[in-house]
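Chemist: Dropping a prediction and its sequence here:
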Amino acid sequence: MIYKQKDATLIDLSHTVEDGLITYQGLPAPVICDYWSRETSAPFYEEGVSFQIGKIEMVANTGTYLDAPFHRFAGGKDLSELFLSSLANLDGLLVHIADEIRAIGPEIFSGLDVSGKAVLFRTDWDRHWGSDAYFTGHPFLTGPAARLLRDRGAALVGIDSTNIDDTADKSRPVHSILLEAEIPIVEHLTNLVALPETGFKLFAVPVKVKGMGTFPVRALAVVPRPDPVRKT
C-alpha cells in the first residue's frame, strides 16, 4: 500500500499477519480470535456500546519481522534493548538484484556507500508470497556480503525473501555476522518495487518485549515529496 500525504509518500513494506498464515515452513501459523467479543461485552455497557478485545497466539517469526542480536546470541540485545536510532528514521538504500542471481555476493554492491544506511535488497521474491514456491530456491546474502556490510557500517539490513541466509547452510553466516555486530535484520519485506534507490527513510520498529529476539514489524518507507518549483 502507498499512502500519499502533503509532504511525503508512505510506502508499506509489510505483509499482513492473518489467521492461518504460514511464514516459514515448519513453524505454526498464528491463531487470531476474539478474547472478548462485541456480543459478550455489550451487556456491560449502555445500549449500542460494545468492544472487541482480540487474542493472538503466534511464534515471533511471523509475517515481516525483525531479528535482534538475542535471536542468535544469548548475550545479545533483545527487542527491549534495541535503540530506536537503529530501527527508525534510517537513511535507506535499495539494492535491486537481478532475477538470475540467487547468491548475493559483495561484488553486487561493493561500490555503494552503505555506512549508516538501512540497506534493503530487492529480489522481488515476494511475488511468491502465499505459495509453496516462496520456500524453495530463494535469494540470499553470502557470508562475504555480510562482512562487507558490517565492515562498512550498515545500520540495518533487509530482504524481501524467505531468509537472508541460505537455508541449506546450517551455520547461518549472515545472521551470525550481522547480529554479532548489532546490525538488525528484517526478513520477508514486500513492495520494495515501489521504493527509489535512495532518498527515503526506513522505519521497522517491533514491540518492546523483554527476553525475545524477533517480532513482526510494520515496516515502512517515507519518501519526501519534492518542493514544487516556483514560477518567476
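Modeler: Done, it's in. Numbering: from 1, shown residues only.
Chemist: Near the nearest residue in space to His175 that is not next to it in sequence, how many other residues are there?
Modeler: Excluding the flanking residues, the one nearest His175 by C-beta to C-beta, 6 or more residues apart in numbering is Arg72, at 5.1 Å. Yep, even glycine has a C-beta here, placed from its N, CA and C like the rest. When neighbours are defined as other C-beta atoms under 10 Å, Arg72 has 18 of them.
Chemist: Identify the residues contacting Arg72.
Modeler: 172, 175-176, 179-180, 213 (C-beta atoms under 8 Å, 6 or more residues apart in numbering).
Chemist: Check the gap between it and Trp36 for me.
Modeler: For Arg72, the distance to Trp36 equals 37 Å [C-beta to C-beta, to the nearest Å].
Chemist: Reduced to three states, what does Arg127 come out as?
Modeler: Following DSSP: H, G, I helix; E, B strand; the rest coil, the label given to Arg127 is helix.
Chemist: still on that earlier bit, for the contacts of Arg72, which single residue is the most surrounded?
Modeler: The contacts of Arg72, ranked by neighbours (other C-beta under 10 Å): first place Leu179, 23 neighbours.
Chemist: Would you confirm that it belongs to a helix?
Modeler: Yes - under three-state DSSP, Leu179 sits within a helix.
Chemist: could we number from 7 for the rest of this?
Modeler: Sure, I'll start numbering at 7, so the last one becomes Leu185.
Chemist: show me where pLDDT drops low in this protein?
Modeler: 233-238 (pLDDT under 70).
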